[in-house]
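Asker: Dropping the sequence and predicted coords here.
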Amino acid sequence: MNQTDALDPRVLNYIRQGSLIVGGVGLVLGVAGAFFGLEQFWQSYLLAYVFWLEIPLGCLAILMLHHLVGGRWGFMIRRLLETGAMTLPLMAVLFVPLLFGLNKLYSWTDPELVAQSALLQHKSVYLNMPFFLTRTIVYFIIWIGLAYLLNRWSLAQDRLAEPTLTRRMRRLSGVGMILYILTATFAAYDWLMSLEPEWFSSIYGLLFIVGQVLATFAFVVIVLRWGSNRQPLVGVVARSDFNDLGNFMLGFVMIWAYISFSQFLIIWSANIPEEAVWYYHRSQGGWQWVGLGLILFHFALPFLLLLSRRAKRQAWLLATLAALIIVMRLVDLFWLVVPAFHPTGLHLHWLDGVAPIALGGIWLAAFAWLLAGKPLLPRHDPRLQEVLEHE
(Lines give C-alpha, C1' and ligand atoms only; values in the text may rest on other atoms or scores of the structure.)
Protein backbone atom coordinates (compact mmCIF):
# COMPACT_ATOMS: atom_id res chain seq x y z
CA MET A 1 0.00 0.00 0.00
CA ASN A 2 1.13 3.51 -0.80
CA GLN A 3 0.73 5.51 2.38
CA THR A 4 -0.40 8.54 0.40
CA ASP A 5 -3.50 6.66 -0.73
CA ALA A 6 -6.91 7.67 0.52
CA LEU A 7 -10.30 6.06 0.29
CA ASP A 8 -12.14 6.37 -3.01
CA PRO A 9 -13.71 9.86 -2.91
CA ARG A 10 -16.73 8.60 -4.84
CA VAL A 11 -17.55 6.15 -2.06
CA LEU A 12 -17.20 8.85 0.58
CA ASN A 13 -19.34 11.15 -1.55
CA TYR A 14 -22.11 8.54 -1.64
CA ILE A 15 -21.91 8.22 2.14
CA ARG A 16 -22.00 11.99 2.56
CA GLN A 17 -25.00 12.42 0.30
CA GLY A 18 -26.90 9.53 1.84
CA SER A 19 -26.19 10.75 5.36
CA LEU A 20 -27.33 14.26 4.51
CA ILE A 21 -30.58 12.93 3.08
CA VAL A 22 -31.25 10.82 6.17
CA GLY A 23 -30.23 13.65 8.47
CA GLY A 24 -32.35 16.14 6.56
CA VAL A 25 -35.45 13.97 6.73
CA GLY A 26 -34.89 13.39 10.43
CA LEU A 27 -34.38 17.11 10.99
CA VAL A 28 -37.66 17.95 9.25
CA LEU A 29 -39.51 15.36 11.34
CA GLY A 30 -37.85 16.66 14.49
CA VAL A 31 -38.84 20.26 13.79
CA ALA A 32 -42.39 19.10 13.04
CA GLY A 33 -42.41 17.25 16.36
CA ALA A 34 -41.35 20.43 18.15
CA PHE A 35 -44.66 22.06 17.18
CA PHE A 36 -46.58 19.31 18.98
CA GLY A 37 -44.42 19.20 22.10
CA LEU A 38 -41.57 21.63 22.61
CA GLU A 39 -40.47 20.20 25.95
CA GLN A 40 -40.24 16.71 24.49
CA PHE A 41 -38.25 18.07 21.55
CA TRP A 42 -35.61 19.56 23.84
CA GLN A 43 -35.38 16.37 25.88
CA SER A 44 -34.90 14.24 22.77
CA TYR A 45 -32.45 16.73 21.25
CA LEU A 46 -30.33 16.67 24.41
CA LEU A 47 -30.28 12.86 24.37
CA ALA A 48 -29.25 12.77 20.70
CA TYR A 49 -26.67 15.50 21.13
CA VAL A 50 -24.89 13.87 24.06
CA PHE A 51 -24.93 10.54 22.23
CA TRP A 52 -23.22 11.89 19.11
CA LEU A 53 -20.83 14.04 21.12
CA GLU A 54 -19.42 10.85 22.64
CA ILE A 55 -17.61 9.81 19.46
CA PRO A 56 -15.77 13.10 18.69
CA LEU A 57 -14.65 13.42 22.30
CA GLY A 58 -13.69 9.75 22.41
CA CYS A 59 -11.70 10.23 19.19
CA LEU A 60 -9.80 13.10 20.82
CA ALA A 61 -9.07 11.07 23.94
CA ILE A 62 -7.87 7.95 22.09
CA LEU A 63 -5.83 10.06 19.67
CA MET A 64 -3.95 11.65 22.57
CA LEU A 65 -3.51 8.24 24.18
CA HIS A 66 -1.97 6.95 20.95
CA HIS A 67 0.46 9.87 20.79
CA LEU A 68 1.51 9.09 24.36
CA VAL A 69 1.97 5.32 24.08
CA GLY A 70 2.26 4.50 20.35
CA GLY A 71 1.44 1.03 19.01
CA ARG A 72 0.36 -0.37 15.65
CA TRP A 73 -3.30 -0.34 16.73
CA GLY A 74 -3.22 3.46 16.84
CA PHE A 75 -1.63 3.93 13.42
CA MET A 76 -4.37 1.87 11.78
CA ILE A 77 -7.10 4.19 13.12
CA ARG A 78 -5.22 7.47 13.61
CA ARG A 79 -6.73 9.20 10.58
CA LEU A 80 -10.20 8.09 11.67
CA LEU A 81 -9.55 9.52 15.12
CA GLU A 82 -8.23 12.81 13.74
CA THR A 83 -11.22 13.10 11.45
CA GLY A 84 -13.68 12.33 14.23
CA ALA A 85 -12.06 14.87 16.55
CA MET A 86 -12.22 17.53 13.84
CA THR A 87 -16.04 17.30 13.89
CA LEU A 88 -16.02 19.05 17.28
CA PRO A 89 -16.60 22.49 15.67
CA LEU A 90 -19.79 21.04 14.18
CA MET A 91 -20.80 19.78 17.64
CA ALA A 92 -20.22 23.27 19.01
CA VAL A 93 -22.63 24.64 16.41
CA LEU A 94 -25.17 21.90 17.17
CA PHE A 95 -25.04 22.87 20.84
CA VAL A 96 -26.42 26.34 20.06
CA PRO A 97 -30.07 25.17 19.66
CA LEU A 98 -29.92 23.77 23.20
CA LEU A 99 -29.40 27.30 24.51
CA PHE A 100 -33.02 28.08 23.63
CA GLY A 101 -34.27 25.12 25.65
CA LEU A 102 -32.21 25.37 28.83
CA ASN A 103 -35.14 26.67 30.85
CA LYS A 104 -37.16 23.62 29.72
CA LEU A 105 -34.42 21.16 30.64
CA TYR A 106 -32.79 22.38 33.84
CA SER A 107 -34.87 23.10 36.91
CA TRP A 108 -32.09 25.19 38.47
CA THR A 109 -32.84 27.90 35.87
CA ASP A 110 -36.21 28.54 37.59
CA PRO A 111 -35.72 31.26 40.26
CA GLU A 112 -38.92 30.29 42.09
CA LEU A 113 -37.83 26.66 42.43
CA VAL A 114 -34.36 27.68 43.59
CA ALA A 115 -35.90 29.96 46.22
CA GLN A 116 -37.79 26.97 47.66
CA SER A 117 -34.70 24.75 48.01
CA ALA A 118 -31.86 25.50 50.38
CA LEU A 119 -29.65 23.00 48.54
CA LEU A 120 -30.24 24.67 45.17
CA GLN A 121 -29.52 28.03 46.70
CA HIS A 122 -26.22 26.64 47.98
CA LYS A 123 -25.40 25.25 44.51
CA SER A 124 -26.43 28.45 42.72
CA VAL A 125 -22.83 29.69 42.96
CA TYR A 126 -22.02 26.99 40.40
CA LEU A 127 -25.41 26.35 38.77
CA ASN A 128 -26.25 29.71 37.25
CA MET A 129 -26.71 30.64 33.63
CA PRO A 130 -23.71 32.98 33.08
CA PHE A 131 -21.24 30.53 34.66
CA PHE A 132 -22.86 27.58 32.83
CA LEU A 133 -22.44 29.31 29.45
CA THR A 134 -18.89 30.38 30.27
CA ARG A 135 -17.90 26.83 31.17
CA THR A 136 -19.47 25.49 27.99
CA ILE A 137 -17.49 27.95 25.86
CA VAL A 138 -14.28 26.99 27.67
CA TYR A 139 -14.94 23.28 27.09
CA PHE A 140 -15.30 23.71 23.36
CA ILE A 141 -12.34 26.05 23.05
CA ILE A 142 -10.11 23.46 24.73
CA TRP A 143 -11.50 20.49 22.78
CA ILE A 144 -11.41 22.20 19.40
CA GLY A 145 -7.97 23.67 20.07
CA LEU A 146 -6.49 20.27 20.93
CA ALA A 147 -8.12 18.60 17.92
CA TYR A 148 -6.98 21.36 15.57
CA LEU A 149 -3.35 21.35 16.68
CA LEU A 150 -3.00 17.56 16.63
CA ASN A 151 -4.59 17.36 13.19
CA ARG A 152 -2.54 20.26 11.82
CA TRP A 153 0.78 18.89 13.08
CA SER A 154 -0.04 15.39 11.86
CA LEU A 155 -0.73 16.60 8.33
CA ALA A 156 2.36 18.81 8.46
CA GLN A 157 4.39 15.74 9.32
CA ASP A 158 3.08 14.11 6.13
CA ARG A 159 4.48 16.98 4.10
CA LEU A 160 7.69 17.84 5.93
CA ALA A 161 8.87 14.54 7.45
CA GLU A 162 9.92 16.48 10.52
CA PRO A 163 10.53 14.13 13.51
CA THR A 164 10.19 16.96 16.04
CA LEU A 165 6.46 17.06 15.27
CA THR A 166 6.08 13.63 16.86
CA ARG A 167 7.55 14.93 20.11
CA ARG A 168 5.41 18.05 19.88
CA MET A 169 2.23 16.01 19.53
CA ARG A 170 3.28 13.80 22.44
CA ARG A 171 3.89 16.77 24.73
CA LEU A 172 0.58 18.37 23.79
CA SER A 173 -1.22 15.08 24.37
CA GLY A 174 0.20 14.82 27.89
CA VAL A 175 -1.24 18.20 28.85
CA GLY A 176 -4.31 17.66 26.70
CA MET A 177 -5.24 14.40 28.43
CA ILE A 178 -5.43 16.19 31.75
CA LEU A 179 -7.52 18.99 30.26
CA TYR A 180 -9.79 16.49 28.55
CA ILE A 181 -10.49 14.55 31.75
CA LEU A 182 -11.27 17.74 33.66
CA THR A 183 -13.47 19.33 31.00
CA ALA A 184 -15.34 16.14 30.10
CA THR A 185 -16.02 15.49 33.78
CA PHE A 186 -17.46 18.95 34.39
CA ALA A 187 -19.40 18.81 31.11
CA ALA A 188 -21.07 15.63 32.37
CA TYR A 189 -21.94 17.41 35.62
CA ASP A 190 -23.31 20.43 33.75
CA TRP A 191 -25.26 18.84 30.93
CA LEU A 192 -26.46 15.57 32.43
CA MET A 193 -26.13 15.37 36.20
CA SER A 194 -27.63 18.83 36.75
CA LEU A 195 -30.86 17.60 35.16
CA GLU A 196 -31.51 16.43 38.74
CA PRO A 197 -29.60 19.16 40.57
CA GLU A 198 -30.22 17.90 44.09
CA TRP A 199 -28.40 14.64 43.32
CA PHE A 200 -24.64 14.25 43.04
CA SER A 201 -22.10 11.50 42.31
CA SER A 202 -18.36 12.07 42.08
CA ILE A 203 -18.06 8.99 39.80
CA TYR A 204 -20.56 10.32 37.25
CA GLY A 205 -18.04 12.20 35.13
CA LEU A 206 -15.73 9.19 34.84
CA LEU A 207 -18.68 7.07 33.71
CA PHE A 208 -19.33 9.66 30.99
CA ILE A 209 -15.68 9.51 29.85
CA VAL A 210 -15.55 5.72 29.73
CA GLY A 211 -18.72 5.69 27.64
CA GLN A 212 -17.13 8.08 25.14
CA VAL A 213 -14.04 5.93 24.70
CA LEU A 214 -16.05 2.71 24.42
CA ALA A 215 -18.39 4.21 21.80
CA THR A 216 -15.40 5.46 19.80
CA PHE A 217 -13.61 2.12 19.77
CA ALA A 218 -16.84 0.50 18.59
CA PHE A 219 -17.22 3.13 15.86
CA VAL A 220 -13.68 2.80 14.50
CA VAL A 221 -13.99 -1.00 14.47
CA ILE A 222 -17.04 -0.68 12.21
CA VAL A 223 -15.33 1.84 9.90
CA LEU A 224 -12.11 -0.20 9.78
CA ARG A 225 -14.07 -3.36 8.97
CA TRP A 226 -15.87 -1.52 6.19
CA GLY A 227 -12.64 -0.04 4.81
CA SER A 228 -10.62 -3.25 5.03
CA ASN A 229 -12.52 -4.60 2.01
CA ARG A 230 -11.75 -1.53 -0.09
CA GLN A 231 -8.67 0.02 -1.59
CA PRO A 232 -6.24 1.06 -0.32
CA LEU A 233 -6.72 -0.95 2.89
CA VAL A 234 -7.13 -4.37 1.29
CA GLY A 235 -4.35 -6.59 2.64
CA VAL A 236 -3.07 -3.92 5.03
CA VAL A 237 -5.39 -4.26 8.01
CA ALA A 238 -4.45 -7.48 9.80
CA ARG A 239 -6.51 -9.72 12.04
CA SER A 240 -4.21 -8.73 14.88
CA ASP A 241 -5.39 -5.12 14.49
CA PHE A 242 -8.97 -6.16 15.15
CA ASN A 243 -7.75 -8.30 18.03
CA ASP A 244 -6.07 -5.27 19.61
CA LEU A 245 -9.15 -3.11 19.19
CA GLY A 246 -11.28 -5.90 20.59
CA ASN A 247 -9.04 -5.99 23.66
CA PHE A 248 -9.60 -2.28 24.17
CA MET A 249 -13.35 -2.78 23.84
CA LEU A 250 -13.22 -5.59 26.40
CA GLY A 251 -11.26 -3.43 28.81
CA PHE A 252 -13.64 -0.49 28.62
CA VAL A 253 -16.74 -2.70 28.82
CA MET A 254 -15.33 -4.00 32.11
CA ILE A 255 -14.44 -0.50 33.33
CA TRP A 256 -17.94 0.75 32.48
CA ALA A 257 -19.49 -2.13 34.43
CA TYR A 258 -17.13 -1.63 37.37
CA ILE A 259 -17.82 2.11 37.66
CA SER A 260 -21.57 1.65 37.21
CA PHE A 261 -21.72 -1.01 39.92
CA SER A 262 -19.41 0.99 42.21
CA GLN A 263 -21.68 4.02 42.00
CA PHE A 264 -24.73 1.87 42.76
CA LEU A 265 -23.02 0.05 45.63
CA ILE A 266 -21.81 3.23 47.31
CA ILE A 267 -25.21 4.90 47.13
CA TRP A 268 -27.05 1.73 48.21
CA SER A 269 -24.76 1.13 51.19
CA ALA A 270 -24.97 4.77 52.32
CA ASN A 271 -28.79 4.60 52.11
CA ILE A 272 -29.20 8.39 52.06
CA PRO A 273 -32.67 9.26 50.69
CA GLU A 274 -31.44 12.27 48.71
CA GLU A 275 -28.99 10.01 46.85
CA ALA A 276 -31.02 6.80 46.66
CA VAL A 277 -33.97 8.52 44.96
CA TRP A 278 -31.96 8.70 41.72
CA TYR A 279 -31.83 4.90 41.53
CA TYR A 280 -35.39 4.58 42.79
CA HIS A 281 -36.64 6.50 39.76
CA ARG A 282 -34.69 4.13 37.50
CA SER A 283 -35.80 0.91 39.16
CA GLN A 284 -39.59 1.11 38.93
CA GLY A 285 -42.34 1.82 36.43
CA GLY A 286 -40.63 -0.13 33.65
CA TRP A 287 -37.23 1.56 33.95
CA GLN A 288 -35.91 -1.53 35.71
CA TRP A 289 -36.20 -3.50 32.46
CA VAL A 290 -34.03 -0.94 30.69
CA GLY A 291 -31.46 -1.37 33.43
CA LEU A 292 -31.62 -5.15 33.08
CA GLY A 293 -31.10 -4.78 29.33
CA LEU A 294 -27.97 -2.74 29.98
CA ILE A 295 -26.60 -5.45 32.27
CA LEU A 296 -27.22 -8.14 29.65
CA PHE A 297 -26.31 -6.40 26.40
CA HIS A 298 -23.97 -3.61 27.47
CA PHE A 299 -21.88 -5.83 29.73
CA ALA A 300 -22.62 -9.58 29.93
CA LEU A 301 -22.88 -10.47 26.24
CA PRO A 302 -19.99 -8.23 25.02
CA PHE A 303 -17.85 -9.39 27.95
CA LEU A 304 -18.35 -13.07 27.17
CA LEU A 305 -17.78 -12.68 23.43
CA LEU A 306 -14.75 -10.42 23.78
CA LEU A 307 -13.06 -12.95 26.04
CA SER A 308 -12.68 -15.14 22.95
CA ARG A 309 -9.56 -14.42 20.90
CA ARG A 310 -11.22 -16.06 17.89
CA ALA A 311 -14.21 -13.71 18.12
CA LYS A 312 -11.95 -10.64 18.26
CA ARG A 313 -10.01 -11.77 15.19
CA GLN A 314 -13.20 -12.25 13.14
CA ALA A 315 -13.69 -8.75 11.77
CA TRP A 316 -17.34 -9.21 10.83
CA LEU A 317 -18.24 -10.57 14.26
CA LEU A 318 -16.33 -7.85 16.08
CA ALA A 319 -18.01 -5.18 13.92
CA THR A 320 -21.43 -6.68 14.67
CA LEU A 321 -20.68 -6.60 18.37
CA ALA A 322 -19.41 -3.02 18.01
CA ALA A 323 -22.75 -2.04 16.43
CA LEU A 324 -24.56 -3.58 19.41
CA ILE A 325 -22.37 -1.60 21.81
CA ILE A 326 -23.14 1.66 20.01
CA VAL A 327 -26.87 0.94 20.24
CA MET A 328 -26.49 0.17 23.93
CA ARG A 329 -24.60 3.41 24.45
CA LEU A 330 -27.75 5.19 23.28
CA VAL A 331 -29.86 3.03 25.60
CA ASP A 332 -27.52 3.81 28.49
CA LEU A 333 -27.83 7.55 27.90
CA PHE A 334 -31.60 7.11 27.54
CA TRP A 335 -31.64 5.45 30.99
CA LEU A 336 -29.52 8.26 32.44
CA VAL A 337 -31.37 11.21 30.89
CA VAL A 338 -35.06 10.48 30.38
CA PRO A 339 -36.01 9.40 33.96
CA ALA A 340 -35.02 12.90 35.05
CA PHE A 341 -38.13 14.10 33.20
CA HIS A 342 -40.32 11.00 33.63
CA PRO A 343 -39.42 9.42 36.99
CA THR A 344 -42.73 7.64 37.54
CA GLY A 345 -42.57 5.25 34.59
CA LEU A 346 -40.91 4.28 31.34
CA HIS A 347 -41.41 6.93 28.68
CA LEU A 348 -40.42 6.39 25.04
CA HIS A 349 -41.32 9.04 22.47
CA TRP A 350 -40.85 8.78 18.73
CA LEU A 351 -38.61 11.87 18.85
CA ASP A 352 -36.17 9.86 20.97
CA GLY A 353 -35.52 7.83 17.82
CA VAL A 354 -35.79 10.59 15.23
CA ALA A 355 -33.43 13.07 16.93
CA PRO A 356 -30.42 10.67 17.04
CA ILE A 357 -31.02 9.80 13.38
CA ALA A 358 -31.16 13.48 12.40
CA LEU A 359 -27.99 14.49 14.23
CA GLY A 360 -26.29 11.24 13.22
CA GLY A 361 -26.89 11.90 9.55
CA ILE A 362 -25.41 15.37 9.85
CA TRP A 363 -22.42 14.13 11.84
CA LEU A 364 -21.64 11.21 9.49
CA ALA A 365 -21.83 13.53 6.49
CA ALA A 366 -19.29 15.84 8.10
CA PHE A 367 -17.08 12.88 9.01
CA ALA A 368 -17.08 11.57 5.42
CA TRP A 369 -16.36 15.05 4.06
CA LEU A 370 -13.38 15.56 6.39
CA LEU A 371 -12.00 12.09 5.68
CA ALA A 372 -11.96 12.60 1.91
CA GLY A 373 -8.46 13.01 0.49
CA LYS A 374 -6.62 12.12 3.68
CA PRO A 375 -3.88 9.46 3.52
CA LEU A 376 -5.00 6.62 5.74
CA LEU A 377 -1.62 6.15 7.39
CA PRO A 378 0.70 8.88 8.70
CA ARG A 379 3.49 9.07 6.15
CA HIS A 380 6.56 10.11 8.12
CA ASP A 381 5.92 9.22 11.73
CA PRO A 382 9.19 7.49 12.77
CA ARG A 383 7.29 5.20 15.14
CA LEU A 384 5.24 3.84 12.25
CA GLN A 385 8.38 2.97 10.31
CA GLU A 386 9.72 1.11 13.34
CA VAL A 387 6.48 -0.87 13.63
CA LEU A 388 6.42 -1.79 9.95
CA GLU A 389 10.09 -2.78 9.89
CA HIS A 390 9.68 -4.90 13.02
CA GLU A 391 6.77 -6.78 11.49
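Answerer: Now that the structure is in, tell me what you want to look at. Numbers count the residues shown, from 1 in each chain.

Asker: going forward, measure contacts and count neighbours with C-alpha atoms only.
Answerer: Fine.

Asker: May I ask which helix or strand encompasses the residue most central in space within the chain?
Answerer: With the centre of the chain defined as its mean C-alpha position, the nearest residue by Cα atoms, centre = their mean is Glu54, 1.3 Å away. In this structure, Glu54 sits in helix 38-69 according to DSSP states H and E.

Asker: mind listing what's buried in the next helix or strand after that helix?
Answerer: Sequence-wise, the next helix or strand downstream of helix 38-69 (DSSP H and E) is helix 72-85. When neighbours are counted by 16 or more other Cα atoms under 10 Å, the buried residues of helix 72-85 are found to be 72-85.

Asker: Can you tell me which of those residues comes closest to Leu99?
Answerer: Ala85 (22.8 Å; Cα to Cα).

Asker: which non-adjacent residue is nearest the closest one?
Answerer: Of all residues not flanking Ala85 in the chain, Pro56 sits nearest, at 4.6 Å (Cα to Cα, 6 or more residues apart in numbering).

Asker: Could you do Ala115 as well?
Answerer: Gln121 (6.7 Å).

Asker: Where does that neighbour sit: helix, strand or coil?
Answerer: helix (DSSP: H, G, I helix; E, B strand; the rest coil).

Asker: May I ask you to confirm that it is in contact with Glu112?
Answerer: No: counting by Cα atoms under 8 Å, Gln121 does not reach Glu112; the two are 10.7 Å apart.

Asker: Settle it for me: which of the two has more neighbours?
Answerer: Shown here are Gln121 and Glu112; by other Cα atoms under 10 Å, Gln121 has more neighbours (16 against 10).

Asker: pLDDT value on the more buried one, please?
Answerer: At Gln121, the pLDDT value in this model is 92.

Asker: and if you look at Arg329?
Answerer: 98.

Asker: check contacts around it.
Answerer: Phe51, Gly211, Ala215, His298 (Cα atoms under 8 Å, 6 or more residues apart in numbering).

Asker: Keep only those of the residues you listed that are in strands.
Answerer: If you go by DSSP state E, the contacts of Arg329 have nothing in strands.

Asker: Next, Ala6: secondary structure please.
Answerer: coil.

Asker: So what's the residue count around the residue lying closest to it once chain neighbours are set aside?
Answerer: What sits nearest to Ala6 in space, not counting adjacent residues and going by Cα to Cα, 6+ apart, is Pro375, at 4.6 Å. By the criterion of other Cα under 10 Å, Pro375 has 18 neighbours.

Asker: Assign a three-state SS to Pro375, would you?
Answerer: Pro375 is classified as coil under three-state DSSP.

Asker: before we move on, the earlier item: what about the residue nearest to the centre of the chain, distance to Pro343?
Answerer: Glu54 sits 25 Å away from Pro343, going by Cα to Cα, to the nearest Å.

Asker: what does Ala6 give?
Answerer: Taking Cα to Cα, one finds Ala6 at 49 Å from Pro343.
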